[in-house]
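Asks: I'll drop the sequence and a predicted model, then ask my questions.
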Amino acid sequence: MGVCDRLKAILSPPSACLYRPDAKADRQLQNEVGQPLPSSYSEFLACYGPGYIRTQAHDLNFLTVYEPARILSQNRLFYNALGEPLPRSDWPQIHWAQPGGWLMWGYSCDGHQYYWRREGEPDDWPIMVEDRYSHAREEFDLRLPDFLYAVLTGGIDPSGVPTAIKSQEKSCLWTPT
């Protein structure tokens with residue numbers, strides 16, 4: 001069973017995934033991170049491509065998943081001068097290019113942010129969710145497709161995920177970008 005099979009049962013991928021990996025951006029991101037990205041992320045992109053989850057009632061990008069070139073540009077922008085941990089909350093956020101750093105892979109329409117915490121092997125990186133309003137941070141030992149599946153089926157209830165998509169099994173749509 002592939003990493004996206006359970007997710008496909010509740011979130012239909014596009015009929016034809018038009019996403020084509022950008023080898024140069026992939027290599028550049030890997031060089032800056034010093035490791036490859038999690039294999040489940042690559043498999044997710046092969047099935048869905050970059051885009052966002054939305055409900056049938058709203059055309060807002062409730063939960064966006066970046067492509068590698070966008071991961072690189074967003075993290076450079078977000079961490080432009082960051083050399084020290086961010087002074088928010090009790091959990092320091094380390095620069096994304098450093099070991100243990102937080103690599104942002106997506107966001108929500110509400111401004112919540114989604115990261116991998118780069119500890120250990122890429123396939124073992126936990127997903128971190130930061131709530132924009134409270135700066136609460138939650139950690140999930142799930143691969144990207146499993147995280148999305150758990151959110152949509154109510155298996156997990158992170159505070160940093162818009163309520164419009166929580167537990168919305170079979171009523172959300174994937175919109176490629």
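Replies: It's in.
Asks: how close does residue 10 sit to residue 151?
Replies: To residue 151, residue 10 is 11 Å away according to Cβ to Cβ, to the nearest Å. Placement of C-beta: from N, CA and C, glycine included.
Asks: for the helix or strand of the chain with the lowest mean pLDDT, packing partners?
Replies: One helix or strand of the chain scores below all others by mean pLDDT, DSSP states H and E: helix 68-78, with a mean of 73. Applying 3 or more Cβ pairs under 8 Å, 6 or more residues apart in numbering; DSSP states H and E, one finds that helix 68-78 contacts helix 23-33, strand 102-107.
Asks: most neighbours per residue, which of these?
Replies: With neighbours defined as mean count of other Cβ atoms under 10 Å, those peak in mean count at strand 102-107, which reaches a mean of 24.
Asks: tell me the mean pLDDT for the next helix or strand after that one?
Replies: Using DSSP states H and E, the helix or strand that follows strand 102-107 in sequence is strand 113-117. The average pLDDT within strand 113-117 is 87.
Asks: show me the shaky parts of this protein.
Replies: Counting by pLDDT under 70, the chain contains low-confidence residues at 1, 17, 56-62, 77-97, 167-170.
Asks: for this protein, what spans make up the strands?
Replies: For the chain, the strands defined by DSSP state E occupy 51-55, 63-65, 102-107, 113-117, 127-130, 137-140, 172-176.
Asks: tell me the strands beside the third one, with direction?
Replies: With DSSP bridges as the test, strand 102-107 is paired with strand 63-65 (antiparallel), strand 113-117 (antiparallel).
Asks: mind putting the ones you listed into TSV with distance to residue 127 and mean neighbour count?
Replies: Formatted as TSV, the strands paired with strand 102-107 follow (distance: least, Cβ to Cβ, whole Å; neighbours: other Cβ atoms under 10 Å):
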stretch	distance to residue 127	mean neighbour count
strand 63-65	11	23
strand 113-117	6	22
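Asks: still on that earlier bit, buried ones in the least confident helix or strand of the chain, by neighbour count?
Replies: 68-72, 74-75 (16 or more other Cβ atoms under 10 Å).
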